[in-house]
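**Student:** what's the 3D shape of this:
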Amino acid sequence: MEFQEKNVLVFGSGKSGIAAAELLEKQNANIFVFEGNEKQSVAEIKEKSESFAKAEIYVGTLPEEVMDKLDFVVLSPGVPTDLPLVNAMRDKKITIIGEIELAYQVAKGKILAITGTNGKTTTTTLVGEILSNYFKDVKVVGNIGIPYTSVAADTTEETVTAAEISSFQLETIVDFAPDVSAILNITPDHLNRHHTMENYIKAKEDITKNQKANDVCVLNYEDEVLRKFGESLSMKVLWFDSKKPVQNGCYLNGEKIIYVSEGKEEEVIDVNELNILGTHNYENVMAAVAMTISIGVPMDVIVKTLREFQAVEHRIEYVTEKRGVKFYNDSKGTNPDAAIKGIQAMNRPTLLIGGGYDKQSEYDEWIESFDGKVKKLVLIGVTKEKIADCAKRHGFTDYVFADSLEEAVNICYDNAVSGDAVLLSPACASWDMFKSYEERGRIFKDLVRNLKE
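**Tutor:** Numbering: from 1, shown residues only. This is a model prediction of the structure:
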């Protein structure tokens, strides 16, 4: 795609929109910006970026005559692709792409792309660290917090990029084709955006749609959807499995991670040497091993990095110990399946803080996973009554409501005894009370550290 002298609309004026506009300016495009939030003013938007300052800005409504002269629209990930305005643009045959596609059109080098419902950030961070210990020029981008568009112009043929890609970002790819892709798992999430599980699955699987026969896809053999999907792919597939051996890829044999290639087995690492907890994290490690071996990283570099790797912030992150009670921040557990992994990683009686924004999730499997380990559930946010009703149906009645995260932390501390754990793992998004799961996690950590011994 050529953007020089083309009329390109950036839809959304947040971090993603800013990075897209700055990249488009470097491509000598004519930039227009549309912001649907009418509370923002044109002056405020222009102050966000020099690229915005030079652009034509529209807030609330987009004039028909502007739409008629557009060549491309770059949607920010938070913009639903089925909005009436987006559909109107489609009807006018305007090419609609997202930030990942825009970056891909400009970027050079190799790319390893990771998606899945859970584990993306940990796996992407680990892949990035392994790559950085071997290659000279490595970028770690995407849903992890650094827009791919913000670094695309700085890449060369020697660059190796690790990208965390969300289902929202995959909805707007056109040519995007990673050299190595991975789908870690698929469980229900974001159904308020995708509407059906079939749509959500297709978005995730689309990470492979432009890959060629000599590219690689890494998949979770334990995931029934992905096992079936992998059998339909034409490129090389590497599997990982935490329960049984695989023919090509990685599997967990007791406490050892094994790599298999063309019938030859090689021990990678004993999981007791890792600094991250839980089977789900061993799966993330196996995926990272398979991906980085595929791009030519030697095993000794991989193993050294695995031994040094620390847990990602907000993902079963150890915070501190007070009065013999250990506190863990799993604010990134924004759906029931992710939160189940948080509970499974706990090795002591647990007081659990849950609840938040409603993404139309069901909480039955999450409640069932308590399995005698959760001694008290403290609920906050919009979903607290929905979760309480679900808990009652499953015979779990030791729950209380709190009006704030601070109150929830205090309730847990008052009820915990030495040898217990307090876990923030909400099974919900944060947007009803916080700007992001990161903000929720940081506030939790501050509250915990300020508790009196």
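
**Student:** Then Gln344 would be within a helix, right?
**Tutor:** Yes: looking at Gln344 with DSSP: H, G, I helix; E, B strand; the rest coil, it is inside a helix.

**Student:** Please identify which helix or strand holds the residue nearest to Thr292 when sequence neighbours are not counted.
**Tutor:** Distance criterion CB to CB, 6 or more residues apart in numbering; nearest residue to Thr292, sequence neighbours excluded, is Ile130 at 4.5 Å. All C-beta spots, glycine's among them, are computed from the backbone N, C-alpha and C. Ile130 belongs to helix 120-132 when assigned by DSSP states H and E.

**Student:** where do the strands sit along the stretch 201-350 of the chain?
**Tutor:** Using DSSP state E, counting those that start in this stretch, the strands of the stretch 201-350 of the chain run over 216-220, 236-241, 249-253, 256-261, 264-270, 317-322, 325-329, 350-354.

**Student:** Quick one: closest of those to Ala339.
**Tutor:** strand 350-354 (6.9 Å; CB to CB).

**Student:** And the closest one, what does it pack against?
**Tutor:** With contacts taken as 3 or more CB pairs under 8 Å, 6 or more residues apart in numbering; DSSP states H and E, strand 350-354 sits against helix 336-345, strand 374-379, helix 405-415, strand 421-424.

**Student:** pull the helix or strand with minimum mean pLDDT from this structure.
**Tutor:** Ranked by mean pLDDT, DSSP states H and E, the weakest helix or strand in the chain is helix 191-194, scoring a mean of 55.

**Student:** about what we covered before: could you identify which of the helices and strands packed on strand 350-354 is most buried?
**Tutor:** Among the helices and strands packed on strand 350-354, strand 421-424 has the highest mean neighbour count (mean count of other CB atoms under 10 Å), at a mean of 28.

**Student:** Quick one: mean pLDDT over that one.
**Tutor:** The average of the pLDDT scores along strand 421-424 is 98.

**Student:** tell me the angle the helix or strand where Glu439 lies makes with strand 350-354.
**Tutor:** For Glu439, the host element (DSSP H and E) is helix 437-449. Angle of helix 437-449 versus strand 350-354, following axes from the mean of the first three to the mean of the last three CA atoms, to 10 degrees, is 140 degrees.

**Student:** for helix 437-449, packing partners?
**Tutor:** Contact partners of helix 437-449 among helices and strands, from 3+ CB pairs under 8 Å, 6+ apart: strand 317-322, strand 325-329, helix 405-415, strand 421-424.

**Student:** Can you list the strands that the shortest one pairs with?
**Tutor:** If I follow you right, that is strand 421-424. Next to strand 421-424 in the sheet, as set by DSSP bridges, lie strand 325-329 (parallel), strand 350-354 (parallel).

**Student:** now what about the last one, what contacts it?
**Tutor:** Just to be clear, that refers to strand 350-354. Residues outside strand 350-354 that contact it (CB atoms under 8 Å, 6 or more residues apart in numbering) are 339, 343, 366, 370, 373-380, 387, 402, 405, 408-409, 412, 415-416, 420-428, 444.

**Student:** Would you mind writing the CA trace of it as CSV?
**Tutor:** What follows is strand 350-354 as a C-alpha-only set of coordinates in CSV (Å, rounded to 0.1, in the frame of the first residue of the first chain):
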residue,chain,number,x,y,z
THR,A,350,-6.6,-17.5,49.3
LEU,A,351,-8.7,-14.4,49.9
LEU,A,352,-9.8,-13.4,46.4
ILE,A,353,-10.8,-9.9,45.1
GLY,A,354,-13.0,-10.1,42.0
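
**Student:** so how far is the helix or strand just after it off the chain centroid?
**Tutor:** For strand 350-354, the following helix or strand on the C-terminal side (DSSP H and E) is helix 364-368. Taking CA atoms, centre = their mean, to the nearest Å, the mean C-alpha location of helix 364-368 is offset from the chain mean by 22 Å.

**Student:** in helix 364-368, what's buried?
**Tutor:** Trp366, Ile367 (16 or more other CB atoms under 10 Å).

**Student:** Report the rounded mean pLDDT for it.
**Tutor:** Helix 364-368 comes out at a mean pLDDT of 96.

**Student:** which other helices and strands contact it?
**Tutor:** The contact analysis (3+ CB pairs under 8 Å, 6+ apart) places helix 364-368 against helix 336-345, helix 384-393.

**Student:** Could you find the closest non-adjacent residue to Phe105?
**Tutor:** Quick fix: residue 105 reads Gln, not Phe. That would be Met1: by CB to CB, 6+ apart, it lies 4.7 Å from Gln105.

**Student:** Surely that neighbour and Phe72 touch.
**Tutor:** Yes: Met1 lies in contact with Phe72 (CB atoms under 8 Å); the separation is 7.4 Å.

**Student:** Need the residues touching each of the two.
**Tutor:** Common neighbours of Met1 and Phe72 (CB under 8 Å, 6+ apart) are Thr95, Ile97.

**Student:** hmm, back to that, any chance of CSV for the helices and strands packed on helix 364-368, columns distance to Pro84?
**Tutor:** Putting the helices and strands packed on helix 364-368 into CSV (distance: least, CB to CB, whole Å) gives the following:
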stretch, distance to Pro84
helix 336-345, 31
helix 384-393, 30
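
**Student:** Return the member of those having the minimum mean pLDDT.
**Tutor:** helix 336-345 (a mean of 90).

**Student:** angle of that one against helix 384-393?
**Tutor:** Angle, helix 336-345 to helix 384-393, by the same axes, to 10 degrees: 60 degrees.

**Student:** Give me the distance from helix 336-345 to the chain's centre.
**Tutor:** Remark: helix 336-345 is offset 15 Å from the chain centroid, using CA atoms, centre = their mean.

**Student:** Stretch 320-332 now?
**Tutor:** Relative to the chain's own centre, stretch 320-332 is displaced by 23 Å; criterion: CA atoms, centre = their mean.

**Student:** End to end on it, go ahead and measure it.
**Tutor:** 18 Å (CA to CA, to the nearest Å).

**Student:** can you check stretch 291-306 too?
**Tutor:** Separation of the first and last residues of stretch 291-306 by CA to CA is 14 Å.

**Student:** Stretch 431-441 too?
**Tutor:** So stretch 431-441: terminal residues 13 Å apart, CA to CA.

**Student:** got the angle for the helix ranked longest in the chain vs strand 216-220?
**Tutor:** Identified as the longest helix of the chain according to DSSP state H is helix 279-294. Counting by the same axes, to 10 degrees, helix 279-294 lies at 170 degrees to strand 216-220.

**Student:** Helix 279-294 vs strand 264-270, what angle?
**Tutor:** Counting by the same axes, to 10 degrees, helix 279-294 points 130 degrees away from the direction of strand 264-270.
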